[in-house]
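# structural data only, the sequence is not supplied:
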Ligand SMILES: Nc1ncnc2c1ncn2[C@@H]1O[C@H](COP(=O)(O)OP(=O)(O)OP(=O)(O)O)[C@@H](O)[C@H]1O
Ligand SMILES: CC(=O)N[C@H]1[C@@H]2OC[C@@H](O2)[C@@H](O)[C@@H]1O[C@H](C)C(=O)O
């Protein structure tokens, strides 16, 4: 059933903001998006978040990774259990990302999830791209390309994801395939919500600057903003990607500012990184379609719109779901993986040639049960 024709695929994303698991079903043949299906969201508990935060920057085998993996697996099992699908695309939680050095690390055990859900699971989407010299991120661009075709875009346009980190995909929809040279250019823009969330937690014990209300009350510190834009990341040509905490110095730079001025300055930094990123587009996109939680931050959206010469609108303007778009992307990519289609190319990650990522785990449950053994990778499910 999975070899040809449309597949009902379930994608799951646990993003850099560490808020929880987004899950979404789409029907696709790996090229076109035929249908959008059910969605689900499950937040991490405060304890879960603490465990995940404590594991950021860690690599497989290091202390703390097993506990983080258990949190990720349990939350996904609980979130995905009620959704009907033929195949799962499981991104996991990025704990560390260093494509030029140690590689990339997403916590999450695809075999355990396959056994629990009794469904084939595609996971570990980023490693093979990194092995072939790519950044391993961003990976949503191939899905953005399919969306551009679905909304019948005629002129080049761009998707912007405002998550913990920001990423931008420029698309020329005139090309037949995403891997065709000139069809896509993608890169991480810089930190987006992560430094703002961290500030709000430190200063106010709150998870975010809801709707950008605090930033709106403050003044931007131009000195901090100028220093931020001198970071060597911005001088690099795309494709390029970031680790969540690559800009730790930025949080220190606003330490002496009032809460409102610090929030305004971090928000201005996120916006300036996007506006600067637009300069990399081969020709100006006709509009910027914004997805991810940051599109709810009105101050951030206004700052981006003020610096960009093009309309900046949430993806809802074209009938898409900005809270679930990345989860849908990993459903789409999972189908491409089982069909042997590429999921990244030189224009999206800088990989040497178009490549398909991901490994496939099939459920072992029945075999293991027949052998009288505990199914590989399953464990007591806490339902947390
Ligand atoms: N109403 C809001 N106002 C301000 N910020 C918001 C709002 N709603 C969500 N956010 C922010 O959006 C982020 C969550 O968005 P999203 O789920 O798209 O990110 P993510 O997928 O975890 O990150 P990434 O895309 O980098 O992996 C959080 O940082 C959160 O603070
Ligand atoms: C290594 C990693 O997990 N990167 C994430 C992160 O969050 C946003 C940005 O940085 C993007 O590059 C990527 O996620 C999206 C889903 C992507 O791969 O397209």
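All right, it came through fine. Quick caveat: nothing in here was measured; it's all calculated off a predicted structure. Ligands and ions are numbered 1, 2, ... in the order given.

# using the three-state scheme, assign the residue nearest to residue 314 when sequence neighbours are not counted.
Spatial nearest neighbour of residue 314, chain neighbours left out: residue 295 (4.5 Å); criterion: Cβ to Cβ, 6 or more residues apart in numbering. Just so you know, the C-beta spots here come from the backbone N, C-alpha and C atoms, and that holds for glycine as well. Following DSSP: H, G, I helix; E, B strand; the rest coil, residue 295 is assigned to helix.

# distance of residue 295 from residue 166?
11 Å (Cβ to Cβ, to the nearest Å).

# is any part of stretch 162-174 close to ligand 1?
Yes: counting by Cβ under 6 Å from any ligand atom, ligand 1 has neighbours in stretch 162-174: 163-165.

# list the buried residues for stretch 268-287?
Neighbour counts over stretch 268-287 (16 or more other Cβ atoms under 10 Å) mark 268-275, 277-278, 280-281, 285, 287 as buried.

# cool, and stretch 351-365?
Along stretch 351-365, these residues count as buried under the neighbour rule (16+ other Cβ under 10 Å): 351, 354-358, 360-361, 363-365.

# turn those residues into a markdown table, columns for secondary structure, pLDDT and distance to ligand 2.
As requested, the buried residues of stretch 351-365 are exported to a markdown table (DSSP: H, G, I helix; E, B strand; the rest coil; pLDDT from 0 to 100; distance: Cβ to the nearest ligand atom, whole Å):
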| residue | secondary structure | pLDDT | distance to ligand 2 |
| --- | --- | --- | --- |
| 351 | coil | 98 | 13 |
| 354 | coil | 97 | 16 |
| 355 | strand | 96 | 14 |
| 356 | coil | 95 | 15 |
| 357 | coil | 89 | 10 |
| 358 | coil | 93 | 12 |
| 360 | strand | 98 | 19 |
| 361 | strand | 98 | 20 |
| 363 | coil | 97 | 26 |
| 364 | coil | 91 | 27 |
| 365 | helix | 59 | 29 |
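
# what pLDDT, on average, does the helix or strand residue 213 falls within get?
In the assignment (DSSP states H and E), residue 213 maps to helix 213-217. The average of the pLDDT scores along helix 213-217 is 98.

# and stretch 244-261, by the same measure?
pLDDT averaged over stretch 244-261 gives 94.

# mind checking how far whichever residue of the stretch 251-384 of the chain sits closest to ligand 2 is from residue 244?
Residue nearest to ligand 2 within the stretch 251-384 of the chain: residue 326 (4.5 Å; Cβ to the nearest ligand atom). For residue 326, the distance to residue 244 equals 15 Å [Cβ to Cβ].

# so the residue of the stretch 251-384 of the chain closest to ligand 2 is in which element?
helix 325-338.

# just checking, what packs against the longest helix seen in the chain?
Counting residues, the longest helix found in the chain (DSSP state H) is helix 259-278. Contacting helix 259-278 under the criterion 3 or more Cβ pairs under 8 Å, 6 or more residues apart in numbering; DSSP states H and E are the following elements: strand 157-162, strand 165-171, strand 184-191, helix 194-204, helix 213-217, helix 222-229, helix 298-307.

# residue 29 contacts residue 8, correct?
No: counting by Cβ atoms under 8 Å, residue 29 sits too far from residue 8 to count as a contact (11.3 Å).

# who has more neighbours, the two?
residue 8 (20 against 15; other Cβ atoms under 10 Å).

# for that one, which residues are in contact?
25-27, 37, 84-87 (Cβ atoms under 8 Å, 6 or more residues apart in numbering).

# now swap in residue 67 and tell me
Residue 67 neighbours (Cβ under 8 Å, 6+ apart): 51, 55.

# quick one: it is in a strand?
No: applying three-state DSSP, one finds residue 67 to be helix, outside a strand.

# hmm, back to that, let me know the angle separating the longest helix of the chain from helix 194-204.
Helix 259-278 runs at 180 degrees relative to helix 194-204, counting by axes from the mean of the first three to the mean of the last three Cα atoms, to 10 degrees.

# noted, bye for now.
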